[in-house]
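1. Predicted model follows, preceded by the sequence.
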Amino acid sequence: MSDLFWLTEAQMARIAPFFPKSHGKPRVDDRRVLSGIIFIIRNGLRWRDAPTAYGPHKTLYCRWRRWSGKGIFARMMASLAANHGEEKAVMIDATYLKAHRTATSMAGQKGGRGRLIGRTKGGMNTKLHAICDSQGRPLDLFITAGQVSDYIGARALLSGLPKVKWLLGDRGYNADWLREALQDKGIRACTPGRKQRKMPIKYDKRRYKRRSRIEIMFGRLKDWRRVATRYDRCPKIFLSAIALAATVIYWL
């Protein structure tokens, strides 16, 4: 029991308002079930391999599928992250997440469409696009197929940017339309220009070094085995795993 992960009472109090109301028969103990779900996602186990201390593995799996389908975990992270208090700078970047063969059985029309898995030089991947604050805490998450451009992720995350002074990004976000969109929002871009640009782009190199914090954030998320490797076919459920990991690591 001591080696297993358990949510504290304080952590449960923070996330309890996001739980759906139970109708009819009372739910099985939320703390035990959610602790078991977190244990599975962090260690990359099969659901049937869940320790017996967390109860029947079917209970864990059914709760995970049902709440993920309703977007509970994604809303949980978004609501907790909304109180970030960031006013200076945010960072944007993307990373590849390897898709396991159980998630990439894409033969046939039904299996292959809408899974947000694409073929890249590194194999079959999903790409995670993220915005984080100056402390390296995730504020917004978005997933696409692996071969999708960083610009697509930036366009999707643009509307949710908080009111800050700076946006830090690498050369993958060096686009005139993005700079203009940020300027309309009163945000200054700190991104180096691509080498093929005729006119060099000036940027604050000292400030740009702080962008390493979003790389550290990706590394910490990938410490969770079911985030680093995608086993889920449904993209909504996979995004729920990323959101739950981000919530536990940064917002509880």
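-> Great, that's in hand. Everything quoted here is computed from the prediction, not taken from an experiment.

2. Run a quick neighbour tally on residue 7.
-> For residue 7, the number of neighbouring residues by other C-beta atoms under 10 Å comes to 18. Where C-beta positions appear, they are placed from N, C-alpha and C, glycine not excepted.

3. Let me fix that, I meant to ask about residue 204.
-> 12.

4. what's the answer for residue 129, then?
-> Residue 129 has 21 nearby residues by other C-beta under 10 Å.

5. Return the residues in contact with it.
-> 92, 93, 94, 141, 142, 143, 144, 150, 153, 154, 156, 157 (C-beta atoms under 8 Å, 6 or more residues apart in numbering).

6. Tabulate these (JSON lines), appending secondary structure and distance to residue 197.
-> Converted to JSON lines, these look like this (DSSP: H, G, I helix; E, B strand; the rest coil; distance: C-beta to C-beta, whole Å):
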{"residue": "92", "secondary structure": "strand", "distance to residue 197": "19"}
{"residue": "93", "secondary structure": "strand", "distance to residue 197": "20"}
{"residue": "94", "secondary structure": "strand", "distance to residue 197": "21"}
{"residue": "141", "secondary structure": "strand", "distance to residue 197": "30"}
{"residue": "142", "secondary structure": "strand", "distance to residue 197": "27"}
{"residue": "143", "secondary structure": "strand", "distance to residue 197": "29"}
{"residue": "144", "secondary structure": "strand", "distance to residue 197": "25"}
{"residue": "150", "secondary structure": "helix", "distance to residue 197": "17"}
{"residue": "153", "secondary structure": "helix", "distance to residue 197": "21"}
{"residue": "154", "secondary structure": "helix", "distance to residue 197": "18"}
{"residue": "156", "secondary structure": "helix", "distance to residue 197": "25"}
{"residue": "157", "secondary structure": "helix", "distance to residue 197": "23"}
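
7. From the residues you listed, list the buried ones, please.
-> For these, a burial check counting by 16 or more other C-beta atoms under 10 Å picks out 92, 93, 94, 141, 142, 143, 144, 150, 153, 154, 157.

8. Secondary structure class of residue 130, three-state.
-> strand (DSSP: H, G, I helix; E, B strand; the rest coil).

9. Would you check how far apart it and residue 192 are?
-> 19 Å (C-beta to C-beta, to the nearest Å).

10. Who has more neighbours out of these two?
-> Remark: of residue 130 and residue 192, residue 130 carries more neighbours, 23 against 17, as counted by other C-beta under 10 Å.

11. Hmm, residue 97 and that one touching each other?
-> No. Residue 130 is beyond contact range of residue 97, at 11.4 Å (criterion: C-beta atoms under 8 Å).

12. what's around residue 164, how many residues?
-> Residue 164: 17 neighbours (other C-beta under 10 Å).

13. Name the SS class of it, please.
-> coil.

14. so it touches residue 91, yeah?
-> No. With contact defined as C-beta under 8 Å, residue 164 does not count as touching residue 91 (10.2 Å).

15. which residues in the stretch 1-150 of the chain form helices?
-> For the stretch 1-150 of the chain, helices defined by DSSP state H, counting those that start in this stretch occupy the ranges 9-15, 30-43, 57-69, 72-81, 109-112, 150-158.

16. which one of those lies closest to residue 244?
-> When those are compared by C-beta to C-beta, helix 72-81 sits nearest residue 244, at 4.6 Å.
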